[in-house]
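In: Please find the sequence and the predicted model below.
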Amino acid sequence: MPKAKGKTRRQKFGYNVNRKRLNRNARRKAAPRIECSHIRHAWDHAKSVRQNLAEMGLAMDPNKAVPLRKRKVKAMDIDVQERPKELVRKPYVLNDLEAEASLPEKKGNTLSRDLIDYVRYMVENHGEDYKAMARDEKNYYQDTPKQIRNKINVYKRFYPVEWQAFVDSLQKNKMEIDE
């Protein structure tokens, strides 16, 4: 539906707006955010992507960085010409990335505190008797014996060291009671 005649206002120039900052922020928003902090801090916005990556010792195109040899031509016939390697001005970026990649991956998945307490309570009171665990009053979700066994096995798989310490402490308590 068209606007009523005379209802559109003329745009006035905003004298109090800092155009330089406005354009810089617009450029920043238009450029994608680089997720990797090492690369982001070493990035020079005045240079192209290819130049930036070459300075860091990274490849823009992996197919050109590691060319494949043609299978038809034998390796002895080829005069391997080394292209002049571009100067790596920022080797610390590559070193940081390699160091980060060599770190062991940390496990992000854990079990809930409720499940851990539930499994410990059941094993403490019933040992390996899954049918008794299924009849226990703390079995709020009415798990079957097999479901309880599976939950205990999941706990064993996630925390093998804690499980072994827990079983050892149960054995120790049982021996103290027997004596």
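Out: Perfect, thanks for sending it. Numbers count the residues shown, from 1 in each chain.
In: Okay, now the unreliable bits of this structure?
Out: 1, 72-86, 179 (pLDDT under 70).
In: Run through the helices of it in chain order.
Out: 19-30, 37-42, 49-56, 62-65, 91-102, 113-126, 130-135, 145-158, 160-178 (DSSP state H).
In: Run through who's touching the fifth one.
Out: Residues from elsewhere that reach helix 91-102 (CB atoms under 8 Å, 6 or more residues apart in numbering): 36, 38, 39, 42, 56, 57, 58, 88. In short, each C-beta sits where N, CA and C put it, glycine included.
In: on that earlier part again, CSV for the helices of the chain, including mean neighbour count and distance to residue 5?
Out: Listed next are the helices of the chain as CSV, based on neighbours: other CB atoms under 10 Å; distance: least, CB to CB, whole Å:
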stretch, mean neighbour count, distance to residue 5
helix 19-30, 10, 33
helix 37-42, 14, 52
helix 49-56, 16, 50
helix 62-65, 9, 60
helix 91-102, 13, 60
helix 113-126, 15, 67
helix 130-135, 16, 79
helix 145-158, 15, 72
helix 160-178, 11, 77
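In: and the ones you listed as JSON lines, adding distance to residue 71?
Out: Shown next, in JSON lines, are the helices of the chain (distance: least, CB to CB, whole Å):
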{"stretch": "helix 19-30", "distance to residue 71": "44"}
{"stretch": "helix 37-42", "distance to residue 71": "35"}
{"stretch": "helix 49-56", "distance to residue 71": "29"}
{"stretch": "helix 62-65", "distance to residue 71": "16"}
{"stretch": "helix 91-102", "distance to residue 71": "31"}
{"stretch": "helix 113-126", "distance to residue 71": "56"}
{"stretch": "helix 130-135", "distance to residue 71": "61"}
{"stretch": "helix 145-158", "distance to residue 71": "47"}
{"stretch": "helix 160-178", "distance to residue 71": "49"}
